[in-house]
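>>> need a 3D model of the sequence below.
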Amino acid sequence: MKPLFSIIVPTFNLEPYITDCLESIESQTISKESFELIIVDDCSSDSTCTKITDFLKNSSIKSQFHQLSNNQGPGAARNIGINFSKGVFLLFVDGDDSLLENCLEEIEQVINECPHDT
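Numbers count the residues shown, from 1 in each chain. Sure thing, here's the model as predicted:
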């Protein structure tokens, strides 16, 4: 089944924040089959990648983790995430941000209530 949402998280040296961000995505009230998580790390030099790997080991989210070999900036990381996405809609979440637990559910409700192109 094609996910409704692809959540793309670009990261770069976000060690203090990335776990909170990922936990907020994990705690979404919408079905886990309704979204995928794509994380693209832009060559972090701190423990961001270790925290991501540790989180994903215990996560029930369908996810991908890509590590760039050289720093290309957040735009490139987002574009790489787009290339790997399979969702109908894209949602960009910076690695130092968090989602409210019903965020995707609310967006899905608006999508279902309003005409749109897919």
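>>> where does the residue nearest to C103 when sequence neighbours are not counted sit: helix, strand or coil?
Take C103 and drop its neighbours on the chain: the residue closest to it by CB to CB, 6 or more residues apart in numbering is Q28, 6.7 Å away. Any C-beta I mention is one placed from the backbone N, CA and C, and that applies to glycine too. Judged by DSSP: H, G, I helix; E, B strand; the rest coil, the three-state class of Q28 is coil.
>>> tally of neighbours for Q28?
A count of nearby residues for Q28, using other CB atoms under 10 Å, gives 20.
>>> how near is it to C49?
Between Q28 and C49 the distance is 23 Å, computed by CB to CB, to the nearest Å.
>>> so V40, which of the three states?
Here V40 takes the strand state, with states given by three-state DSSP.
>>> who are the contact partners of I18?
Contact criterion CB atoms under 8 Å, 6 or more residues apart in numbering gives 11, 48, 51-52, 55, 95-96 as the residues in contact with I18.
>>> please disregard the earlier target; I meant K62.
Applying CB under 8 Å, 6+ apart, the residues near K62 are 3, 32-33, 35-37.
>>> repeat the analysis, applying 10 Å as the threshold.
3, 32-38, 86 (CB atoms under 10 Å, 6 or more residues apart in numbering).
>>> ok, I7 next?
25, 28, 35-39, 61, 63, 81, 85, 87, 89-93, 99, 103-104.
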